[in-house]
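Asks: Here is a sequence with its predicted model. Questions after.
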Amino acid sequence: VRLETDLRQAITAQQFHLVFQPLVSAKSQKLIGFEALIRWNHPQRGFIPPNVFIPVAEENGLMPQLGNWIIDEACRALATWPEAVTVAVNISPKQILVPALPNVVSEALARHKIPGNRLELEVTEGVFLGDSGKTVDVLGRLRALGVGIALDDFGTGYSSIGYLNKAIFHKLKIDGSFVRDCGSRPENVAIIKSIVQLAKSFRMSVTAEGVETAEDFERMRELGCDTIQGYLFGKPLSYERANQMVVGLG
Ligand code: G
Ligand code: G
Ligand code: MN
Ligand code: NA
């Protein structure tokens, strides 16, 4: 209950910030954008991880407000960066059904004067566990704004392959757990191969997450992944450090 009370005040008290993890092209190894991840520095308890406080926010009806702040903050960062740079924002399963989410996104884009195609939303397979008809409808409205929709942590949830043919997703993100053990587990290579093949047949791009070593990178590139994310190319960075990478693009 304390955490809930503190959460209510945390936005106005400016205790949240976003960090930005680089995504690079597998071909050129150049920066193409970032995934935004929220951080909460609690004045007494210190760092509280998002997988602890996001569920609390959701259970207490605070996700609309917090989610809207995240979207606005991501767009604020985007507005300072060149056209070619994209930012991805995670949307939790409950957040997808927050009334007027498409309006919130379209207003944030307009406020910061950003075309929809520079923003990407990441959802997990869990979004289809609720009212899946409504979810498909909301995702379609978001796509209509030009926003990209990525299916995150692919392979870890229950199978939602049936939703892949609805032209909902423009990208699959392969969960890091399949990537990291590739060297020792040939079945992971088989899984990644089939995910890449599946994605290509639906004209979706593929991101490999959790790439930590040069060996992981080379393997994912060879398997046909388009973009790479992971500690090898950068941990989640402060806005200032992310900005230095963007400036370095020249
Ligand atoms: O950086 P990492 O420990 O941050 O993230 C842990 C989990 O929290 C991941 O599953 C990630 O998707 C989720 N998460 C991080 N930031 C956000 C956010 O801004 N919104 C939502 N809904 N989830 C987030
Ligand atoms: O669930 P989602 O994919 O949105 O969250 C990504 C999570 O993975 C975040 O907690 C992020 O900090 C973490 N992460 C990103 N890159 C790596 C990596 O290379 N290795 C590990 N172990 N975790 C990573
Ligand atoms: Mn994600
Ligand atoms: Na993921």
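Replies: Happy to help now that I have it. Ligands and ions are numbered 1, 2, ... in the order given.
Asks: roughly how far apart are the residue in the chain that ligand 2 sits nearest to and V56?
Replies: For the chain, the nearest residue to ligand 2 under the criterion CB to the nearest ligand atom is G230, separated by 3.2 Å. To be clear about C-beta, it is placed using only N, CA and C from the backbone, and glycine gets the same treatment. According to CB to CB, to the nearest Å, G230 and V56 sit 28 Å apart.
Asks: Looking at the two, which has the bigger crowd around it?
Replies: Neighbours around G230 and V56, counted as other CB atoms under 10 Å, are more numerous at G230. The numbers are 24 against 16.
Asks: Would you check how far apart that one and P236 are?
Replies: Plainly put, G230 is 11 Å away from P236 if you go by CB to CB.
Asks: what's the closest non-adjacent residue to the residue of the chain closest to ligand 2?
Replies: For G230, ignoring the flanking residues on the chain, the nearest one in space by CB to CB, 6 or more residues apart in numbering is V211 at 3.3 Å.
Asks: Show me what stretch 179-186 is in contact with.
Replies: Contact partners of stretch 179-186, identified using CB atoms under 8 Å, 6 or more residues apart in numbering, comprise 188-189, 192, 208-212, 215-216, 219-220, 230.
Asks: Out of those, who's the most crowded?
Replies: Within the contacts of stretch 179-186, A208 tops the neighbour count with 30 neighbours, counted by other CB under 10 Å.
Asks: Return the set of residues that bridge with that residue.
Replies: Here A208 sits in beta bridges with I174, I228, going by DSSP bridges.
Asks: Hmm, F233 and it touching each other?
Replies: No - distance between A208 and F233: 11.0 Å, which falls outside the contact criterion (CB atoms under 8 Å).
Asks: Among the contacts of stretch 179-186, which lie within helices?
Replies: Of the contacts of stretch 179-186, the ones assigned to helices by DSSP state H are N188, V189, I192, E215, D216, R219, M220.
Asks: ok, is stretch 195-212 in contact with ligand 3 or not?
Replies: No - remark: stretch 195-212 sits outside contact range of ligand 3, by CB under 5 Å from the ion, the gap being at least 7.5 Å.
Asks: Right, I'll call it a day here.
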